[in-house]
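Trainee: take this sequence and fold it.
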Amino acid sequence: MQRKRIRKAGFVSVIAMAFAFTAGAQAADVKKVHEKGLKPYEIVDGISIPKPLTDKPGDPKRGAKIVVKRKKGNCLACHKIDQLSDFPFHGNIGPELTDVASHMKDGEMRLRLVNPKVVNEDTIMPAFYRTEGLHRVMKKFQGKPVLTEQEIEDVIAFLKTLKASQ
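Mentor: Numbering: from 1, shown residues only. Got it, this is the predicted structure:
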């Protein structure tokens with residue numbers, strides 16, 4: 001009888017610890033960010049901005065134009081994107097984006113566009129949606145982001161189309 005009680009108590013302890021671990025794992029680390037002149041957003045677990053910056057969905061066609069536009073996104077300066085092979089001079093400094101949607105969620109892409117230094121403080125990728133804490137900012141971008149909230153969502157809509165061919 002004593003052994004059964006000990007075994008039952010042990011089982012209950014294991015279940016309680018598993019529940020506590022699961023409950024703890026579900027609690028996300030949320031950092032609220034608000035910079036002057038920008039819409040506030042939340043970074044979850046240091047890897048994602050899961051909520052879109054706008055109520056309007058992104059447009060992948062507009063996003064593709066931003067990605068290739070040298071005076072806006074200029075993504076091809078550092079990244080290779082096979083789906084844009086008719087545009088010359090793809091870079092190889094940053095990771096290839098040909099199938100980025102196959103291994104990254106929207107929120108992860110959004111954080112890398114908004115402020116990639118959160119994920120990798122040594123990155124040379126610019127923050128496209130920041131106004132503070134920046135260095136060597138061109139005069140025309142001082143006090144304002146490179147991309148608007150909607151342009152960020154448009155680029156993400158385009159990046160979501162980039163999946164490995166099957």
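Trainee: I'd like the next helix or strand past the helix or strand of the chain with the lowest mean pLDDT.
Mentor: When the helices and strands of the chain are scored by mean pLDDT, DSSP states H and E, helix 2-26 comes last with a mean of 46. Scanning forward in sequence from helix 2-26 by DSSP states H and E, the next helix or strand is strand 30-33.
Trainee: strands paired with that next one, and their directions?
Mentor: strand 41-44 (antiparallel) (DSSP bridges).
Trainee: pull the distance from the strand it pairs with to the chain's centre.
Mentor: 10 Å (C-alpha atoms, centre = their mean, to the nearest Å).
Trainee: same question, stretch 87-102
Mentor: With C-alpha atoms, centre = their mean, you get 16 Å for stretch 87-102.
Trainee: what residues does it touch?
Mentor: 68, 75-84, 109, 124-125, 159-164 (C-beta atoms under 8 Å, 6 or more residues apart in numbering). Placement of C-beta: from N, CA and C, glycine included.
Trainee: repeat that with 6 Å
Mentor: 68, 76-82, 159-160, 162-164 (C-beta atoms under 6 Å, 6 or more residues apart in numbering).
Trainee: next one: stretch 157-166
Mentor: So stretch 157-166 is contacted by G58, D59, P60, G63, A64, L97, D99, V100, A101, S102, M109 (C-beta under 6 Å, 6+ apart).
Trainee: 10 Å instead?
Mentor: Stretch 157-166 is contacted by residues 52, 57-68, 73, 75, 81-84, 96-106, 109-110, 112-113 when judged by C-beta atoms under 10 Å, 6 or more residues apart in numbering.
Trainee: nearest residue to K117 in space, please, no chain neighbours.
Mentor: T123 (6.2 Å; C-beta to C-beta, 6 or more residues apart in numbering).
Trainee: I'd like to know how many residues surround the one you found.
Mentor: By other C-beta atoms under 10 Å, the residues close to T123 number 14.
Trainee: so how far is L84 from it?
Mentor: As judged by C-beta to C-beta, to the nearest Å, T123 and L84 stand 22 Å apart.
Trainee: do T161 as well
Mentor: 11 Å.
Trainee: show me what counts as buried in stretch 38-55.
Mentor: L38, Y41, I43, I47, S48, I49, P50, P52, L53 (16 or more other C-beta atoms under 10 Å).
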